[in-house]
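Asker: any chance you can model this:
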Amino acid sequence: MHLPSHEYDPNGDADVILVSSSQSSHLKDVDDDGSSTCPVEFYVHSSVLSLASPLFKGMFCLLSEPGCRQSSPASFPRVPLPELQHVVSLLLRFVYPLPDPEFITLDELVPILAAAVRYEFSNVISSLRRQLLSAKFMEEDPVRVFAIAARFHLDEEAKIASRHTLRISLLDHPLCDDLQQITAHTYHRLLTLHRRRATSAEALLKLPYSIKCPQCNCGHAVYNAPKWWYEFLKRAQKELSLRPTTDVVFGTAFLFDVVAAVGCSTCPGSFLESFKYLEDIKKQIDDLPDTI
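Answerer: Sure thing, here's the model as predicted:
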């Protein structure tokens with residue numbers, strides 16, 4: 001049967017044919033992104049793939065005698081691959097001296113990374129690792145980035161992603177398929193990071209005794225902290241238990257709401273007097289361990 005082909009040999013000197021896979025016969029022949037899921041032949045160079053992948057190098061050594069080149073496409077070795085056409089095509093764009101594809105979504109990146117790991121394309125993996133840590137993906141879903149990095153044993157990327165997850169309430173985060181690919185031990189390490197950092201951060205919420213409010217601390221309340229501090233403590237402890245980072249609790253909007261909530265006309269002055277101490281607390285929390 002003649003299959004559609006994709007040329008990666010502009011000079012006509014390819015010597016191997018890679019054949020992409022297809023979905024099961026009961027599925028449609030066009031993927032969700034509009035690309036065909038029928039098998040496609042890729043005419044490629046064994047020398048290029050051998051330089052990029054030790055796995056392919058070993059495979060080609062078994063397929064033919066060293067230095068022996070087949071004379072016609074009909075006699076080229078055919079290597080069936082389990083990946084679909086678009087995955088093979090994008091993977092080869094990384095391998096050949098072509099501009100690296102830039103991925104817009106993690107759904108696009110993951111199958112290419114899986115294939116690169118399968119075939120031991122170290123340079124491709126390095127490029128994809130950089131894209132995985134892009135600001136876009138970290139902003140959109142750091143938990144999923146962490147799961148992907150952990151799944152493929154990208155330890156440094158997993159550590160970096162774990163820091164970004166601190167602004168996410170893990171137990172409220174929707175489940176993603178990538179979490180199914182990691183061990184309970186790995187996910188437990190992430191949960192432990194959040195729990196320990198929250199506990200340590202809450203322990204640092206201490207205001208010096210010298211900070212008082214003329215209205216709150218008159219009479220029998222002289223030994224107490226200002227009302228705004230108790231309101232801050234209550235709200236900050238709740239926030240830190242969910243998201244153990246200073247992004248929210250020391251934000252202007254959060255602090256303004258705290259002072260306004262107590263209804264004391266002189267608390268704003270007391271708050272301003274304590275600003276230096278709040279900055280010190282923020283710094284101490286920021287300095288806590290923040291990666292798995």
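Asker: make it CA atoms for all contacts and neighbour counts henceforth
Answerer: OK.
Asker: secondary structure element for the residue nearest to the spatial centre of the chain?
Answerer: By CA atoms, centre = their mean, the chain has its centre lying nearest to Val145, at 1.7 Å. Using DSSP states H and E, Val145 falls within helix 142-151.
Asker: Ser126 too?
Answerer: Counting by DSSP H and E, Ser126 is part of helix 122-132.
Asker: about what we covered before: other SSEs contacting the very next helix or strand once past the helix holding Val145?
Answerer: Downstream of helix 142-151, the first helix or strand assigned by DSSP H and E is helix 155-164. With contacts taken as 3 or more CA pairs under 8 Å, 6 or more residues apart in numbering; DSSP states H and E, helix 155-164 sits against helix 142-151.
Asker: any idea of the mean pLDDT in the helix it packs on?
Answerer: Across helix 142-151, the average pLDDT comes to 97.
Asker: just checking, what packs against it?
Answerer: Other elements packing on helix 142-151 under the criterion 3+ CA pairs under 8 Å, 6+ apart are helix 155-164.
Asker: list the buried residues for the helix it packs on?
Answerer: Within helix 155-164, the residues scored as buried using 16 or more other CA atoms under 10 Å are Glu157, Ala158, Lys159, Ile160, Ala161, Ser162, Arg163, His164.
Asker: ok, now stretch 269-286?
Answerer: Ser270, Phe271, Ser274, Tyr277, Leu278, Ile281, Lys282, Ile285, Asp286.
Asker: which SS class is Ile17?
Answerer: strand (DSSP: H, G, I helix; E, B strand; the rest coil).
Asker: state the pLDDT value of it.
Answerer: In this prediction Ile17 is given a pLDDT of 91.
Asker: over to Asp100?
Answerer: pLDDT at Asp100 comes out at 91.
Asker: if we can go back for a sec, starting at the chain centroid, how far to the helix holding Val145?
Answerer: Centre-to-centre, helix 142-151 and its host chain are 5 Å apart (CA atoms, centre = their mean, to the nearest Å).
Asker: what does it contact?
Answerer: 110, 132-133, 137-138, 155, 157-159, 161-162, 164-165, 168, 170, 176, 178-179, 181-182, 186 (CA atoms under 8 Å, 6 or more residues apart in numbering).
Asker: CA atoms of the helix or strand just after the helix holding Ser126 as PDB?
Answerer: Using DSSP H and E, the helix or strand that follows helix 122-132 in sequence is helix 135-140. Once non-C-alpha atoms are left out, helix 135-140 reads as follows in PDB (Å, rounded to 0.1, in the frame of the first residue of the first chain):
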ATOM      1  CA  ALA A 135       6.400  32.000  32.100                       C
ATOM      2  CA  LYS A 136       3.200  31.200  30.200                       C
ATOM      3  CA  PHE A 137       3.000  27.600  31.400                       C
ATOM      4  CA  MET A 138       4.100  28.400  35.000                       C
ATOM      5  CA  GLU A 139       1.400  31.100  35.200                       C
ATOM      6  CA  GLU A 140      -1.300  28.900  33.700                       C
END
